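Asks: need a structure here:
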Amino acid sequence: AEAMMIRARQLANSAREDHPISRARQVFYSTTSLVPIRVNVVSQDKTTRIVDTLLWDLQLGDGTDVQTAHSLARHILLDLEVAPINRTARHFTGRVELWSEECLKLIQNQMQEQLDHARSQ
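Replies: Next comes the predicted model:
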C-alpha cells in the first residue's frame with residue numbers, strides 16, 4: 001500500500017511537470033534575468049526628489065547600458081511629469097515640471113551604475 005502511495009505521488013508530480021503552464025514557468029524563470037533598478041535622486045537645490053523603482057530584464061534592449069539608462073531616465077521623468085495631470089472643465093491642472101538636464105543626468109548615472117553592476121554578476 002505504501003509503495004502504491006509513493007508511485008501515485010511520483011505520477012502526480014510528473015503530470016504537473018508535463019503540464020504546459022509548468023513548462024512555460026520553467027522557460028520563463030530560466031530565461032529571464034529581472035533586476036530591480038532603484039532611483040533616489042535629489043536636485044542640487046534640494047527642491048526636487050525623485051524616487052522610483054522598476055524591474056528591468058537584462059536580456060531586453062539592443063543598445064548599450066548608457067543608451068538604456070538614458071532612455072529609461074527620460075521615461076521616468078516624462079511619466080512623473082504627466083501622471084498627476086487632471087482635467088477640470090477645459091483646463092489641465094497638476095502638471096509638475098521636473099524636466100532638467102541635471103535630473104536626467106543624475107537618474108541616468110544611478111541607473112547606469114546599477115545596470116553595469118547587474119551585468120557583471
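
Asks: those helices in this protein, which residues are they?
Replies: 2-18, 20-31, 65-82, 101-120 (DSSP state H).

Asks: Out of those helices, which gets the lowest mean score?
Replies: Lowest mean pLDDT of the helices of the chain: helix 20-31, a mean of 55.

Asks: count of residues packed around L77?
Replies: Neighbours of L77 under the rule other C-beta atoms under 10 Å: 20. All C-beta spots, glycine's among them, are computed from the backbone N, C-alpha and C.

Asks: Same check on R9?
Replies: Quick note: R9 (other C-beta under 10 Å) scores 10 neighbours.

Asks: and what of T64?
Replies: Quick note: T64 (other C-beta under 10 Å) scores 12 neighbours.

Asks: Same question for I37.
Replies: 21.

Asks: roughly how far apart are S43 and T53?
Replies: Going from S43 to T53 by C-beta to C-beta, to the nearest Å gives 19 Å.

Asks: sorry, that was for V42
Replies: 16 Å.

Asks: if you count what's nearby, which of the two comes out ahead?
Replies: Neighbours per residue (other C-beta under 10 Å) separate V42 from T53, with V42 holding more: 13 against 9.

Asks: count of neighbours near the closest residue to that one other than its chain neighbours?
Replies: Distances taken as C-beta to C-beta, 6 or more residues apart in numbering put R49 closest to V42, at 4.8 Å, once the chain neighbours are dropped. By other C-beta under 10 Å, 9 other residues sit near R49.

Asks: Alright, that wraps it up for me.
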